[in-house]
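Q: A structural model of the following input is requested.
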Amino acid sequence: MPGIHEVAQLAGVSAATVSRALSGRGSVSPATRERVVAAANELGYVVSSSASGLATGRTRNVGVVIPFLNRWFYGAVIEGAESALLEQGYDLTLYNLGGSDEERRLVFEHFLLRKRVDAVIAVSLELTPDEVQRLIDLDKPIVGVGGPLPGVRTLSLDDVELGRLATEHLLALGHTDIAHIGGDALEMDFHLPTNRRHGYEQAMRAAGLETLDRHFHAADFTMQGGYRAAKQLLGNPVGRPTAIFAASDEMAIGAILAARDLGMHVPGDVSIIGIDDHELAEFFGLTTIAQFPDMQGRMAVEVLMDELHPGERSADELNIDLPYELVVRSSTARR
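A: The predicted structure is shown next:
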């Protein structure tokens, strides 16, 4: 198969000029571009990322680092990012940092720092100042998704506000005995479980209501965890809450299944709300706060293109607030 040097020889130009002409980036005269394209067509040359990288120093590959590989939310963010990157002619390399500290160190000290990626998207990960500086020193732009990172362009949600909005929806329906299924002892990055619990507590206090210890139960952001927590909250008829705010849709779906197994009707006996707008939320009739993870991935790529190709797009502020929306379905009803 012919390579970039054969095209350059036939067109009478350098390999760097071939790369600029075929990528559409950089200054090349129309006549030279036409000559290069004609030579490439004659030889049947197809641009490869490795050949382009030799001339430009770019791999057209973006590294995405995530804390979990087997969670719906992260998969949805990755799908959005991958789709947007493909539209821009970029590949995606995924790094799952859910393992040991040593694996994380290897990723940041070796894999990401080699000429394997042009830039990095960090999803729901609080990068350390050292990790950020290593990437900046090697001119690898970073975009964070999920919370603020000092000195890095980020897209983030106000998780306190999400918790408050979910709780206020239940309060507006007349519920006063509202339980919360939140994060377990393993705090997630950007203090997401704590912030959503703070939003719940703020809404309850604003309504003049106490937040009782027996109305909080920790879980691990899975359906199984939500199921177990809801069984504890709803299993005792004494002091049973009339509504549950779960900090994720997967836990909320687990709570719906637990209520059904206990012979309770949702929302007749207990109203349940979550956060995410999981792909199964509509199937379960779950009221939720949608946070559009697919859109988050696409938005992260848009911001990254600003960093990789300055001047082609207008730069936005350092931190961008992500959109969210209350989606009311059949799992919540008036008390």
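Q: any chance you could map the strands in the stretch 151-300 of the chain?
A: 153-156, 178-183, 216-219, 243-246, 271-276, 287-290 (DSSP state E, counting those that start in this stretch).
Q: from these, which stretch is densest packed?
A: strand 243-246 (a mean of 32; mean count of other C-beta atoms under 10 Å). In short, each C-beta sits where N, CA and C put it, glycine included.
Q: Distance to residue 203 and mean pLDDT for the strands of the stretch 151-300 of the chain - can I get that in CSV?
A: Written out in CSV, the entries for these read as follows (distance: least, C-beta to C-beta, whole Å; pLDDT from 0 to 100):
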stretch, distance to residue 203, mean pLDDT
strand 153-156, 21, 92
strand 178-183, 9, 94
strand 216-219, 14, 94
strand 243-246, 9, 98
strand 271-276, 12, 98
strand 287-290, 13, 98
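Q: Nearest approach to residue 197 belongs to which of those strands?
A: strand 178-183 (4.6 Å; C-beta to C-beta).
Q: That closest one versus strand 271-276: what angle between them?
A: Put simply, strand 178-183 runs at 30 degrees to strand 271-276, going by axes from the mean of the first three to the mean of the last three C-alpha atoms, to 10 degrees.
Q: got a list of contacts for strand 178-183?
A: For strand 178-183, the external contacting residues (C-beta atoms under 8 Å, 6 or more residues apart in numbering) are 167, 170-171, 192-194, 196-197, 200, 204, 209, 211, 215-221, 226, 229-230, 233, 241-247, 251-252, 255.
Q: Show me those that map onto helices.
A: 167, 170-171, 192-194, 196-197, 200, 204, 226, 229-230, 233, 251-252, 255 (DSSP state H).
Q: Which per-residue confidence value corresponds to residue 47?
A: Note on residue 47: pLDDT of 63.
Q: For residue 162, list the residues it contacts.
A: 196, 199, 275, 289, 291, 324.
Q: tell me the contacts of the fourth one?
A: For residue 289, the set of contacting residues under the criterion of C-beta under 8 Å, 6+ apart consists of 162, 165-166, 273-277, 324-327.
Q: Adding distance to residue 81, write those residues out as JSON lines.
A: Shown next, in JSON lines, are the contacts of residue 289 (distance: C-beta to C-beta, whole Å):
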{"residue": "162", "distance to residue 81": "22"}
{"residue": "165", "distance to residue 81": "26"}
{"residue": "166", "distance to residue 81": "26"}
{"residue": "273", "distance to residue 81": "28"}
{"residue": "274", "distance to residue 81": "24"}
{"residue": "275", "distance to residue 81": "21"}
{"residue": "276", "distance to residue 81": "17"}
{"residue": "277", "distance to residue 81": "18"}
{"residue": "324", "distance to residue 81": "19"}
{"residue": "325", "distance to residue 81": "21"}
{"residue": "326", "distance to residue 81": "26"}
{"residue": "327", "distance to residue 81": "23"}
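Q: Show me which of those residues is closest to residue 113.
A: residue 276 (33.3 Å).
Q: Assess the claim that the closest one and residue 248 are in contact.
A: Yes - using C-beta atoms under 8 Å, residue 276 is in contact with residue 248, at 5.7 Å.
Q: give me the number of residues near residue 17?
A: 22 (other C-beta atoms under 10 Å).
Q: let me redo that: residue 101
A: 8.
Q: From residue 70, how far off is it?
A: Distance of residue 101 to residue 70, given as C-beta to C-beta, to the nearest Å: 20 Å.
Q: Could you list the low-pLDDT ranges of this protein?
A: Across the chain, the ranges flagged by pLDDT under 70 are 1, 23-26, 46-58, 114-115, 185-188, 311-316.
Q: Please parse it into its domains.
A: When the chain is parsed with automatic domain parsing, its domains come out as 4-56, 61-157+294-321, 159-290.
Q: Show me the one of those domains that comes nearest residue 334.
A: It is, among the domains of the chain and with distance given as C-beta to C-beta, domain 159-290, at 4.8 Å.
Q: centroid residue for this structure?
A: residue 77 (4.4 Å; C-alpha atoms, centre = their mean).
Q: give me the element it is part of.
A: helix 72-87 (DSSP states H and E).
Q: in its sheet, what does the helix or strand just after that helix sit against?
A: Scanning forward in sequence from helix 72-87 by DSSP H and E, the next helix or strand is strand 91-96. Sheet partners assigned to strand 91-96 using DSSP bridges are listed as strand 61-66 (parallel).
Q: angle of the partner strand against helix 72-87?
A: 170 degrees.
Q: For strand 61-66, give me every contacting residue.
A: By C-beta under 8 Å, 6+ apart, strand 61-66 touches 49, 74, 77-78, 81, 85, 90-98, 107, 111-112, 116-125, 301, 304.
Q: now do 7 Å
A: For strand 61-66, the external contacting residues (C-beta atoms under 7 Å, 6 or more residues apart in numbering) are 49, 74, 78, 81, 85, 90-97, 107, 112, 116-125, 304.
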